[in-house]
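Undergrad: 3D model of this:
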Amino acid sequence: MAAASGQIWRIVENQEQAATRNITRSADAQSRLEELLDGNKPAYLPDTEQLHWLLKTPFRYPPLRHGSRFGSATEPGILYGSCERDTAMVESAVYLWLFRAGPEELGPLQQIRDARTALHFPVSHPRGCDLTRTQLTPYKQRISCPESYEFSQLLGSALRAADAGMIWFHSARAVAGTNCAVLDPCAVAGADMPVQEHWQIQLDTHSCWWGRPGHTAFEVSLRDVTDASGIIPHPAL
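TA: Below you'll find the predicted structure:
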């Protein structure tokens, strides 16, 4: 391990309007509801107090039932991001397609029109692990396996035990894309407000389009992230 630093992207749901405002009658009622909801959530981890709330939230919750790429279901949460904005958009589109694959009848999910916020922020840690190094190419498929976390979770536990603060690794979804797993909240500069970009998305059974005024649009095809049977491989499936 060695000192590591860089800038990463993370895609979150649009933050321009609080979802709870749709079910409250006033700003005071909304604030009170937000307080009640927050009081029933897990406590924030130590060393996250200084972080922007959008960046400290991933550390607050443990991974889902199947865990995450480098974290088991019983370990603290991990903040994931991508070195390239396009890679972050591909990763985000994959989870939208997986969500959309759940219902038997798509109904309004036949075509999703929504908005997303792209966060861009610096990360730095004295103990980083770069799994994209050429020497580790023979392990690339096992580390970034699209349908299994078995190897990568064992590796993540070992790196956490060795006090690694962040991990660079190949994306399992975007060709030539690089992702980052932040294990230690101290790797995120607390004084820096993340740069925020607001993007419109349109997703259907063929592609996911990302557009923003003044920027070149980006589009990912469903075919680019499916296997030979047309299914998106994922450990939870």
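Undergrad: remind me which residues of the chain are low pLDDT?
TA: 15-25, 27-41, 102-108, 191, 237 (pLDDT under 70).
Undergrad: kindly list the longest strand within it.
TA: For the chain, the strand with the greatest residue count under DSSP state E is strand 112-130.
Undergrad: and whichever helix or strand comes after it, what does it pack onto?
TA: Following strand 112-130 in sequence order, the next helix or strand is helix 140-143 (DSSP states H and E). Judged by 3 or more Cβ pairs under 8 Å, 6 or more residues apart in numbering; DSSP states H and E, helix 140-143 is in contact with helix 150-161, strand 166-170. C-beta here means a position set from N, CA and C on the backbone, and glycine is covered the same way.
Undergrad: and the longest helix seen in the chain, which residues are buried?
TA: Criterion DSSP state H: the longest helix present in the chain is helix 85-100. Buried residues in helix 85-100, counted by 16 or more other Cβ atoms under 10 Å: 85-94, 96-97, 100.
Undergrad: same question, stretch 194-204
TA: For stretch 194-204, a neighbour-count test (16+ other Cβ under 10 Å) marks 194, 199, 201, 203-204 as buried.
Undergrad: same question, stretch 168-181
TA: For stretch 168-181, burial by neighbour count (16+ other Cβ under 10 Å) applies to 168-174, 177-181.
Undergrad: out of those residues, which comes closest to residue 60?
TA: residue 181 (16.1 Å; Cβ to Cβ).
Undergrad: and the buried residues of stretch 168-181, which is closest to residue 45?
TA: Nearest to residue 45 among these, counting by Cβ to Cβ, is residue 181 at 15.3 Å.
Undergrad: let me see the backbone angles for the most centrally placed residue in the chain.
TA: Against the mean C-alpha coordinate of the chain, by Cα atoms, centre = their mean, the closest residue is residue 80 at 4.6 Å. Backbone torsions for residue 80, taken as degrees, to the nearest 10, come to phi -110, psi 140.
Undergrad: list the contacts for it?
TA: Neighbour list for residue 80: 10, 58, 68-69, 179-182 [criterion: Cβ atoms under 8 Å, 6 or more residues apart in numbering].
Undergrad: a markdown table for the buried residues of stretch 168-181, including distance to residue 147?
TA: Listed next are the buried residues of stretch 168-181 as a markdown table, based on distance: Cβ to Cβ, whole Å:
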| residue | distance to residue 147 |
| --- | --- |
| 168 | 22 |
| 169 | 16 |
| 170 | 15 |
| 171 | 14 |
| 172 | 9 |
| 173 | 12 |
| 174 | 16 |
| 177 | 18 |
| 178 | 20 |
| 179 | 17 |
| 180 | 22 |
| 181 | 18 |
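Undergrad: so which of the residues you listed comes closest to residue 162?
TA: residue 181 (14.1 Å).
Undergrad: name the element that closest one belongs to?
TA: strand 178-182.
Undergrad: identify all contacting residues around that strand.
TA: By Cβ under 8 Å, 6+ apart, strand 178-182 touches 6, 8, 69-70, 78-84, 87, 91, 123, 125, 132, 156, 165-171, 188.
Undergrad: who does that strand pair with, and is each partner parallel or antiparallel?
TA: strand 79-82 (antiparallel), strand 166-170 (antiparallel) (DSSP bridges).
Undergrad: please tabulate the ones you listed in a markdown table, including the columns distance to residue 221.
TA: Shown next, in a markdown table, are the strands paired with strand 178-182 (distance: least, Cβ to Cβ, whole Å):
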| stretch | distance to residue 221 |
| --- | --- |
| strand 79-82 | 18 |
| strand 166-170 | 20 |
